[in-house]
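Engineer: Below: sequence and its predicted model.
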Amino acid sequence: MNGDRGLGFVVVVYLGGLLFGVGLALSQMARPEVVLDFLQLEDFGLLFVMGGGSVVTGVAIAIGTRLDATAPLTGAAYRRRLRSMDRDVLTGGVIFGVGWGLSGICPGAAYASVGIGNYPILVAIAAMLVGAYAKTLLR
Amino acid sequence: MALVPPELFQTLFPNGIVHYALGGVLIGLGVAFIYALTGLTPGASSVLESTWSYVSKRPALSEGPLRASRGWRLVFTAGIVSGAVLYTGLTGGGVWTTDVQLWRLAIGGFLVGLGTRLGKGCTSGHGICGVGSLSETSLLNVLVFLLVAIGTAGIVVSLGVSP
């Protein structure tokens, strides 16, 4: 699977995902109802989830990109996450927004939702997989 | 001394902010941990596309960086599920299921999958890693999906659909 990167790499990605999942469950973002309450402007707490997550990540990236070092497990350079700007970024954002506003679920929160026992969310995940496949037919 | 009048705080944050902020910090720590040791900025939506490379022979899926990352993306996803299981176990909460109607999950899920891949990221790829990188592309994408989602949710409610 990641033969050239070793067991340590797999363990680190798993444990990072684990923290990520605990955070999604603790914040209740794994519940579509909570996300919909936010999108219906009834509870603005979700701003602290995205804010807290992006600030902590931002600090890590700000430090990493200033270090004269590479990542110990991969030898990769520390970079910012940058993507090219084009019309797809806007179109995709609109389509994602309609889907998120309709369902109250996004990919990471959907996986965490499985972990809190919310089996109906498997319908959303299956549909996300179909949607992602549909994208490969377009681009 | 309160920075925000208690009544306003109660209106904006009827469930408080502590668990939201702590959850956000943990999400950030998970990303930072992976970033510090591997240099990766993991997003949650790419796995929806990269996993197809296991079963599809189409060049769009079976070549390129997405295919190369498909293994660790599944590991990351397994970690997210495990974390939520761990939280549920530690807090003694039982199984929780949503009341949001299945057609909303199905149609919304399809649009989420399509939109996130077309738009090059989701709430974590753009919203956490991209915003944390102060990427203009991500900031714009997040602004767009946030406003559109608020508008969509409002329309759905005004049509009498609940939940």
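Structural biologist: Here it is on my side, so go on.

Engineer: May I ask which helix or strand encompasses the closest residue to residue A:28 other than its chain neighbours?
Structural biologist: Of all residues not flanking residue A:28 in the chain, residue A:34 sits nearest, at 4.4 Å (CB to CB, 6 or more residues apart in numbering or on different chains). For every residue, glycine as well, the C-beta is placed using N, CA and C. If you go by DSSP states H and E, residue A:34 is part of helix A:32-39.

Engineer: same question, residue A:136
Structural biologist: Following DSSP H and E, the helix or strand that holds residue A:136 is helix A:121-138.

Engineer: Quick one: residues in contact with that helix.
Structural biologist: A:32, A:99, A:103, A:105, A:107, A:110-111, A:113-114, B:45, B:48-49, B:51-52, B:58, B:60-61, B:98, B:102, B:105-118 (CB atoms under 8 Å, 6 or more residues apart in numbering or on different chains).

Engineer: what do you get for stretch B:54-61?
Structural biologist: With CB under 8 Å, 6+ apart as the test, stretch B:54-61 has contacts from A:136, A:139, B:49-50, B:52-53, B:62, B:67, B:70.

Engineer: Please, a PyMOL command that selects the buried ones among these?
Structural biologist: In PyMOL, a selection of the buried entries from the contacts of stretch B:54-61 looks like this (16 or more other CB atoms under 10 Å in any protein chain shown):
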select buried, (chain A and resi 136) or (chain B and resi 49+50+52+53+70)
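
Engineer: Of the contacts of stretch B:54-61, which pair is most distant in space?
Structural biologist: A:139 and B:70 (18.0 Å; CB to CB).

Engineer: what about residue B:122, which helix or strand?
Structural biologist: Counting by DSSP H and E, no helix or strand carries residue B:122.

Engineer: ah, wrong one, I meant residue A:53
Structural biologist: helix A:46-66.

Engineer: Can you pull the phi/psi pair for residue A:77?
Structural biologist: Main-chain torsions, residue A:77, degrees, to the nearest 10: phi -70, psi 150.

Engineer: no, scratch that, I was asking about residue B:145
Structural biologist: The phi/psi pair for residue B:145 (degrees, to the nearest 10) reads phi -70, psi -30.

Engineer: Could I get the contacting residues of it?
Structural biologist: Contact analysis of residue B:145 by CB under 8 Å, 6+ apart lists A:93-94, A:96-97, A:100, B:115, B:119, B:123.

Engineer: of those residues, closest to residue B:140?
Structural biologist: Taking CB to CB as the measure, residue B:140 lies nearest residue A:93 of the contacts of residue B:145, at 7.5 Å.

Engineer: Grab the nearest non-local neighbour of that closest one.
Structural biologist: With sequence-adjacent residues excluded and distances taken as CB to CB, 6+ apart, residue A:93 is closest to residue B:144, at 3.5 Å.

Engineer: Quick one: distance of the one helix or strand the one you found maps to to the chain centre.
Structural biologist: Remark: residue B:144 resides in helix B:136-158, with elements defined by DSSP H and E. From the chain centre to the centre of helix B:136-158 is a distance of 14 Å (CA atoms, centre = their mean, to the nearest Å).
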